[in-house]
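Participant: sequence first, predicted model second:
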Amino acid sequence: MKNKLYAAAAIVDSIAAAVRSAKPARFVTKTALMPALTVANPPRDPGMAVGLAGSWAGDVALLGDSDRAFRTGLFSFLVAHVGYTAALARRSTPGARKAVVPIVAASAAGAYAFARAAGPMGKPVGLYALTLGTMVAAASTVRGAGSRRVFGGAALFAASDALLGASRFVLKGRAARVATAGVMPTYAAAQWLIHTGFEQGERPPA
(Lines give C-alpha, C1' and ligand atoms only; values in the text may rest on other atoms or scores of the structure.)
Protein backbone atom coordinates (compact mmCIF):
# COMPACT_ATOMS: atom_id res chain seq x y z
CA MET A 1 0.00 0.00 0.00
CA LYS A 2 2.77 2.43 0.94
CA ASN A 3 4.62 1.72 -2.32
CA LYS A 4 1.37 2.44 -4.17
CA LEU A 5 1.21 5.85 -2.47
CA TYR A 6 4.75 6.56 -3.65
CA ALA A 7 3.82 5.47 -7.16
CA ALA A 8 0.79 7.77 -7.11
CA ALA A 9 2.93 10.71 -5.94
CA ALA A 10 5.47 9.98 -8.67
CA ILE A 11 2.81 9.85 -11.38
CA VAL A 12 1.22 13.11 -10.23
CA ASP A 13 4.57 14.88 -10.06
CA SER A 14 5.65 13.56 -13.46
CA ILE A 15 2.47 14.97 -14.99
CA ALA A 16 2.93 18.27 -13.17
CA ALA A 17 6.53 18.48 -14.41
CA ALA A 18 5.31 18.23 -18.01
CA VAL A 19 2.70 20.98 -17.59
CA ARG A 20 4.17 24.44 -17.12
CA SER A 21 1.08 25.87 -15.45
CA ALA A 22 1.27 23.15 -12.79
CA LYS A 23 4.69 24.20 -11.50
CA PRO A 24 3.37 25.66 -8.19
CA ALA A 25 1.88 22.26 -7.36
CA ARG A 26 5.35 20.71 -7.58
CA PHE A 27 6.37 22.42 -4.37
CA VAL A 28 4.07 19.83 -2.82
CA THR A 29 4.34 16.84 -5.17
CA LYS A 30 8.09 16.87 -5.73
CA THR A 31 9.07 17.56 -2.14
CA ALA A 32 6.82 14.67 -1.05
CA LEU A 33 8.55 12.05 -3.21
CA MET A 34 11.53 11.08 -1.04
CA PRO A 35 9.58 11.23 2.25
CA ALA A 36 6.97 8.92 0.68
CA LEU A 37 9.69 6.53 -0.48
CA THR A 38 11.26 6.61 3.00
CA VAL A 39 7.95 5.67 4.60
CA ALA A 40 7.43 2.87 2.07
CA ASN A 41 10.99 1.53 2.35
CA PRO A 42 12.68 2.69 5.59
CA PRO A 43 16.45 2.51 5.03
CA ARG A 44 18.43 0.23 7.32
CA ASP A 45 21.79 1.17 5.82
CA PRO A 46 23.30 4.60 6.66
CA GLY A 47 24.45 5.06 3.08
CA MET A 48 20.94 4.56 1.75
CA ALA A 49 19.64 7.07 4.32
CA VAL A 50 22.22 9.61 3.09
CA GLY A 51 21.08 8.89 -0.46
CA LEU A 52 17.48 9.65 0.41
CA ALA A 53 18.36 12.83 2.31
CA GLY A 54 20.64 14.11 -0.44
CA SER A 55 18.04 13.31 -3.08
CA TRP A 56 15.33 15.17 -1.16
CA ALA A 57 17.59 18.22 -0.83
CA GLY A 58 18.34 18.01 -4.55
CA ASP A 59 14.65 17.74 -5.43
CA VAL A 60 13.90 20.88 -3.44
CA ALA A 61 16.84 22.82 -4.90
CA LEU A 62 15.94 21.94 -8.49
CA LEU A 63 12.50 23.45 -8.08
CA GLY A 64 14.37 26.69 -8.76
CA ASP A 65 15.50 27.70 -12.26
CA SER A 66 18.65 29.68 -11.44
CA ASP A 67 22.24 28.52 -11.91
CA ARG A 68 22.68 28.72 -8.14
CA ALA A 69 19.73 26.38 -7.61
CA PHE A 70 21.18 23.99 -10.18
CA ARG A 71 24.58 23.96 -8.45
CA THR A 72 22.92 23.31 -5.09
CA GLY A 73 20.92 20.46 -6.58
CA LEU A 74 24.04 19.08 -8.23
CA PHE A 75 25.95 19.05 -4.93
CA SER A 76 23.01 17.51 -3.07
CA PHE A 77 22.72 14.65 -5.53
CA LEU A 78 26.49 14.19 -5.52
CA VAL A 79 26.25 13.60 -1.76
CA ALA A 80 23.36 11.22 -2.39
CA HIS A 81 25.42 9.16 -4.84
CA VAL A 82 28.35 9.00 -2.42
CA GLY A 83 25.92 7.53 0.11
CA TYR A 84 24.47 5.07 -2.39
CA THR A 85 27.94 4.03 -3.54
CA ALA A 86 29.06 3.33 0.04
CA ALA A 87 25.97 1.20 0.67
CA LEU A 88 26.31 -0.71 -2.59
CA ALA A 89 30.03 -1.29 -2.05
CA ARG A 90 29.17 -3.09 1.18
CA ARG A 91 27.10 -5.52 -0.91
CA SER A 92 29.77 -5.79 -3.60
CA THR A 93 30.84 -9.23 -4.82
CA PRO A 94 34.53 -9.45 -5.86
CA GLY A 95 33.84 -11.84 -8.72
CA ALA A 96 31.24 -9.51 -10.22
CA ARG A 97 33.50 -6.51 -10.88
CA LYS A 98 34.19 -7.16 -14.55
CA ALA A 99 31.81 -4.40 -15.68
CA VAL A 100 33.31 -1.70 -13.45
CA VAL A 101 36.02 -0.56 -15.87
CA PRO A 102 33.80 -0.15 -18.97
CA ILE A 103 31.08 1.59 -16.94
CA VAL A 104 33.55 4.04 -15.41
CA ALA A 105 35.15 4.60 -18.83
CA ALA A 106 31.76 5.33 -20.39
CA SER A 107 30.94 7.63 -17.49
CA ALA A 108 34.21 9.50 -17.96
CA ALA A 109 33.43 10.01 -21.65
CA GLY A 110 29.91 11.21 -20.82
CA ALA A 111 31.25 13.47 -18.07
CA TYR A 112 33.70 15.06 -20.50
CA ALA A 113 30.98 15.64 -23.10
CA PHE A 114 28.52 17.20 -20.64
CA ALA A 115 31.28 19.26 -19.00
CA ARG A 116 32.11 20.81 -22.36
CA ALA A 117 28.45 21.49 -23.11
CA ALA A 118 27.83 22.98 -19.65
CA GLY A 119 30.23 25.89 -20.18
CA PRO A 120 30.92 27.75 -16.89
CA MET A 121 29.38 24.89 -14.92
CA GLY A 122 31.52 22.34 -16.69
CA LYS A 123 33.69 21.32 -13.73
CA PRO A 124 30.87 20.61 -11.23
CA VAL A 125 28.83 18.89 -13.93
CA GLY A 126 31.80 16.70 -14.89
CA LEU A 127 32.54 15.81 -11.26
CA TYR A 128 28.89 14.94 -10.68
CA ALA A 129 28.75 12.73 -13.78
CA LEU A 130 31.83 10.81 -12.63
CA THR A 131 30.29 10.33 -9.19
CA LEU A 132 27.07 9.07 -10.74
CA GLY A 133 29.06 6.70 -12.95
CA THR A 134 30.85 5.35 -9.88
CA MET A 135 27.49 4.63 -8.27
CA VAL A 136 26.32 2.76 -11.38
CA ALA A 137 29.57 0.78 -11.39
CA ALA A 138 29.08 -0.11 -7.73
CA ALA A 139 25.52 -1.23 -8.49
CA SER A 140 26.84 -3.58 -11.19
CA THR A 141 28.84 -5.50 -8.56
CA VAL A 142 25.87 -6.26 -6.31
CA ARG A 143 24.64 -9.85 -6.39
CA GLY A 144 21.89 -11.76 -4.62
CA ALA A 145 18.27 -10.89 -3.94
CA GLY A 146 17.22 -7.58 -5.45
CA SER A 147 20.47 -7.06 -7.38
CA ARG A 148 18.78 -6.69 -10.77
CA ARG A 149 16.46 -4.04 -9.38
CA VAL A 150 19.41 -2.17 -7.89
CA PHE A 151 21.37 -2.13 -11.15
CA GLY A 152 18.27 -1.30 -13.19
CA GLY A 153 17.57 1.61 -10.85
CA ALA A 154 21.14 2.88 -11.08
CA ALA A 155 21.02 2.72 -14.88
CA LEU A 156 17.69 4.55 -14.92
CA PHE A 157 19.17 7.22 -12.63
CA ALA A 158 21.93 7.77 -15.17
CA ALA A 159 19.36 7.95 -17.97
CA SER A 160 17.27 10.47 -16.04
CA ASP A 161 20.28 12.70 -15.40
CA ALA A 162 21.35 12.41 -19.03
CA LEU A 163 17.91 13.69 -20.06
CA LEU A 164 18.19 16.53 -17.54
CA GLY A 165 21.66 17.49 -18.75
CA ALA A 166 20.64 17.29 -22.40
CA SER A 167 17.53 19.43 -21.84
CA ARG A 168 19.53 22.09 -19.97
CA PHE A 169 22.78 22.24 -21.95
CA VAL A 170 22.33 20.60 -25.34
CA LEU A 171 18.77 20.56 -26.68
CA LYS A 172 16.49 23.45 -27.56
CA GLY A 173 12.79 24.01 -28.13
CA ARG A 174 10.54 20.99 -28.46
CA ALA A 175 13.38 18.49 -28.14
CA ALA A 176 14.34 20.00 -24.79
CA ARG A 177 10.73 19.85 -23.58
CA VAL A 178 10.45 16.18 -24.58
CA ALA A 179 13.67 15.35 -22.73
CA THR A 180 12.48 17.28 -19.68
CA ALA A 181 9.22 15.31 -19.64
CA GLY A 182 11.21 12.10 -19.31
CA VAL A 183 13.29 13.20 -16.33
CA MET A 184 10.84 12.63 -13.47
CA PRO A 185 9.33 9.27 -14.56
CA THR A 186 12.79 7.74 -14.94
CA TYR A 187 14.05 9.36 -11.74
CA ALA A 188 11.11 8.19 -9.63
CA ALA A 189 11.38 4.66 -11.02
CA ALA A 190 15.15 4.66 -10.42
CA GLN A 191 14.81 5.58 -6.77
CA TRP A 192 12.12 2.96 -6.19
CA LEU A 193 14.15 0.20 -7.86
CA ILE A 194 17.33 1.05 -5.96
CA HIS A 195 15.64 1.11 -2.56
CA THR A 196 13.30 -1.85 -2.95
CA GLY A 197 16.08 -3.91 -4.53
CA PHE A 198 18.58 -3.05 -1.81
CA GLU A 199 16.12 -3.70 1.02
CA GLN A 200 15.16 -7.03 -0.57
CA GLY A 201 18.78 -8.08 -0.28
CA GLU A 202 18.90 -6.93 3.36
CA ARG A 203 16.06 -9.17 4.52
CA PRO A 204 17.12 -12.19 6.54
CA PRO A 205 16.40 -15.54 4.85
CA ALA A 206 13.08 -17.11 5.84
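Facilitator: Structure received.

Participant: and the residue nearest the centre of the chain?
Facilitator: The centroid of the chain falls nearest to Phe157 when counting by C-alpha atoms, centre = their mean (4.0 Å).

Participant: quick one, what contacts that residue?
Facilitator: Each residue near Phe157 by C-beta atoms under 8 Å, 6 or more residues apart in numbering is listed here: Leu132, Met135, Val136, Thr186, Tyr187, Ala190, Gln191, Ile194. All C-beta atoms are positioned from the backbone trio N, CA, C, and that covers glycine.

Participant: tell me the confidence at the second one?
Facilitator: Pointing back at Met135 there. Predicted confidence (pLDDT) for Met135: 96.

Participant: quick one: it from Ala105, how far?
Facilitator: Distance from Met135 to Ala105, counting by C-beta to C-beta, to the nearest Å: 15 Å.

Participant: can you tell me the helix or strand for the nearest residue to Phe75 once chain neighbours are set aside?
Facilitator: Distances taken as C-beta to C-beta, 6 or more residues apart in numbering place Pro124 nearest to Phe75, at 7.5 Å, with adjacent residues excluded. Here Pro124, judged by DSSP states H and E, is contained in helix 122-140.

Participant: what comes up buried for that helix?
Facilitator: Residues of helix 122-140 classed as buried by neighbour count (16 or more other C-beta atoms under 10 Å): 122, 124-126, 128-140.

Participant: same check on stretch 157-173?
Facilitator: In stretch 157-173, counting by 16+ other C-beta under 10 Å, buried: 157-169, 171.

Participant: for the record, mean pLDDT for it?
Facilitator: 94.

Participant: let me see the backbone angles for Lys172.
Facilitator: Backbone torsions of Lys172, given as degrees, to the nearest 10, read phi -130, psi 160.

Participant: how about Ala162: what's its closest non-neighbour residue?
Facilitator: Of all residues not flanking Ala162 in the chain, Gly110 sits nearest, at 7.2 Å (C-beta to C-beta, 6+ apart).

Participant: next, count neighbours for the one you found.
Facilitator: Neighbour count for Gly110, taken as other C-beta atoms under 10 Å: 19.

Participant: quick one: it is in a strand?
Facilitator: No. Counting by DSSP: H, G, I helix; E, B strand; the rest coil, Gly110 is not part of a strand but helix.
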